[in-house]
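Q: sharing a model that was predicted from the sequence below.
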Amino acid sequence: MKLSDIASALHARLDGADCEITGVAGIEKAAAGQLTFVANPKYAAAAKTTKASAVIVDEAFPALATATLRTKEPYLAFARAIEFFYRPPQYAPGVHPTAVVHPSARIGRDPHIGAYAVVMENVEIGHDAVLLPHVVVYPGARIGNQFFAHAHAVVREHCRLGDGVILQNGAVVGADGFGFAPDLQKHWHKIVQSGPAVLGDAVEVQANACVDRASIGETRVGRGTKIDNLVQVGHGCEVGEDSLLCAQVGLAGSTEIGNHVILAGQVGVAGHCKIGDGAVATAQSGIPNDVEAGKMVSGYPAIENRQWLRCVAVFNRLPELAKAVRARKGSDDE
């Protein structure tokens, strides 16, 4: 594919000679004929030594000897460039002989339903659905158009999914929430989880992540939110639109997450907390209280990121500070 054609498709400005591009790669591993990118300043120096035939950069990036495609959003442009060279498997419409589809289920045009998939009674699924082997959709679930469920994904009873939802392998939507009430003998009585999980349009739930159903009401995930591998969204949680829940994030029950929130890997949020729009929690933060909109927090208990950085700097100096205190105390005792 000609670099000039890629530039046109990405609405980028080509600086340098046109050439043939055969693939894409990271900047440090790219070879002649490949296209790479720089979005993180950490890799800016590598742009001068890369063997790639062309680099996607920001419009203000310094001039390079290598051809460049200049755009306001180099990372997004590179993400789109990958699509020019990778061809994912295509799944022809049809129902595999081993699949089980209940007669009462209503499925739109051109579905692909793979081997041993199960669609139970009164399920509704829109057009152009792809259900790969062993996907199970429980009774009464309602799912929009362009649903894509990888092998072993599960949608539980009465859950509702919007258009363009993607479930990666082993994702479970609408399993029972973790709700139990103690009796007088201190035995745990299971609380019926009667409320469905509701996913908006373009939500993606990645491998082995779970969005639990609610005991009452609903568990909701807003349009465009992406949920990484092994994330747990507890019962009754409400997650806003276009938020990112990275790997191993855990939301206890009835947590409220705003729009455009980013929770990095292994962040934990205590139940009934509210995280405001645009807030960011860095990796492994533990959040026991509400977080205001737009704040960046870190650590446990999570505090404002700048304060946390100062605390960490002091923490690293504790041995020498303790030594100085002991020396001072000994001097005073004399």
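A: Done, it's in.

Q: quick one: the helices in the stretch 1-150 of the chain?
A: Assigned by DSSP state H, counting those that start in this stretch, the stretch 1-150 of the chain shows helices spanning 3-10, 74-85.

Q: any idea which of those helices gets closest to Lys42?
A: helix 74-85 (13.0 Å; CB to CB). Just so you know, the C-beta spots here come from the backbone N, C-alpha and C atoms, and that holds for glycine as well.

Q: now that closest one: average pLDDT?
A: The pLDDT scores in helix 74-85 average 95.

Q: in that helix, what counts as buried?
A: Applying a neighbour-count criterion of 16 or more other CB atoms under 10 Å, the buried positions in helix 74-85 are Pro74, Ala77, Phe78, Arg80, Ala81, Phe84.

Q: nearest spatial neighbour of Gly126, skipping sequence neighbours?
A: Asn145 (3.5 Å; CB to CB, 6 or more residues apart in numbering).

Q: before we move on, the earlier item: can you redo the buried residues of helix 74-85 as a markdown table with distance to Tyr91?
A: As requested, these are arranged in a markdown table below (distance: CB to CB, whole Å):
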| residue | distance to Tyr91 |
| --- | --- |
| Pro74 | 32 |
| Ala77 | 28 |
| Phe78 | 27 |
| Arg80 | 23 |
| Ala81 | 24 |
| Phe84 | 21 |
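
Q: what ranges in this structure fall below the confidence cut-off?
A: For the chain, applying pLDDT under 70 flags the ranges 333-334.

Q: can you do 80?
A: For the chain, the stretches with pLDDT under 80 are 329-334.

Q: quick one: the helices in the stretch 201-334 of the chain?
A: In the stretch 201-334 of the chain, the helices defined using DSSP H, counting those that start in this stretch lie at 305-316, 318-333.

Q: quick one: which of these is nearest Lys2?
A: Closest approach to Lys2 among the helices of the stretch 201-334 of the chain (CB to CB): helix 305-316, 44.7 Å.

Q: just the residues contacting stretch 309-321, thanks.
A: Applying CB atoms under 8 Å, 6 or more residues apart in numbering, the contact partners of stretch 309-321 are Ser298, Gly299, Ile303.

Q: of those residues, which belong to strands?
A: The members of the contacts of stretch 309-321 that map onto strands under DSSP state E are Ser298, Ile303.

Q: for the contacts of stretch 309-321, give me CSV that also has neighbour count.
A: Formatted as CSV, those follow (neighbours: other CB atoms under 10 Å):
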residue, neighbour count
Ser298, 23
Gly299, 19
Ile303, 16
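
Q: if we take the contacts of stretch 309-321, which one ends up nearest to Gly179?
A: For the contacts of stretch 309-321, the closest approach to Gly179 (CB to CB) belongs to Gly299, at 29.5 Å.

Q: gap between the closest one and Gly265?
A: According to CB to CB, to the nearest Å, Gly299 stands 14 Å off from Gly265.

Q: do the same with Ala141
A: Ala141 is 30 Å from Gly265, by CB to CB.
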